[in-house]
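**Student:** Build the 3D model from these lines:
(one chain, ligands or ions: 1)
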Amino acid sequence: MPKFGVFSDEGCTDVFDSREEAEAKADEYKAEDDGYWADLIYVEEMCPDHEQQARSSCEDCFGEEDPA
Ligand SMILES: [Zn+2]
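**Tutor:** A predicted model of the protein is given here:
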């Protein structure tokens with residue numbers, strides 16, 4: 001079972017077992033924090049292998065090289 005995380009500009013803030021729960025939490029944050037920051041709150045499926053990482057952008061799975 002994939003997990004779903006709530007992400008903000010600060011990264012992953014909460015992880016839930018269902019997308020519904022994560023969406024509900026995201027809505028709570030958006031209600032508290034309307035305006036510019038609310039647009040940065042979103043729900044993503046979590047990486048199954050790495051905590052605190054979204055599946056679609058997991059830095060460990062995709063191994064982004066440091067360009068420097
Ligand atoms: Zn990963």
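**Student:** and the chain, which residues reach the ion?
**Tutor:** Contacts of the chain with the ion, taken as C-beta under 5 Å from the ion, map to 47, 49-50, 58, 60-61. C-beta: built from backbone N, CA, C; applies to glycine.
**Student:** Are any of those buried, and if so which?
**Tutor:** Using 16 or more other C-beta atoms under 10 Å as the burial test, the residues of the chain next to the ion include 47, 58 as buried.
**Student:** Same list (the residues of the chain next to the ion) but as TSV, adding pLDDT and secondary structure.
**Tutor:** Below are these laid out as TSV (pLDDT from 0 to 100; DSSP: H, G, I helix; E, B strand; the rest coil):
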residue	pLDDT	secondary structure
47	95	coil
49	93	coil
50	92	coil
58	91	coil
60	90	helix
61	92	helix
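**Student:** Please identify the helix or strand for the closest residue in space to residue 11 that isn't next to it in sequence.
**Tutor:** Residue nearest to residue 11 in three dimensions, not counting chain neighbours: residue 52, with 6.7 Å by C-beta to C-beta, 6 or more residues apart in numbering. Using DSSP states H and E, residue 52 maps to neither a helix nor a strand.
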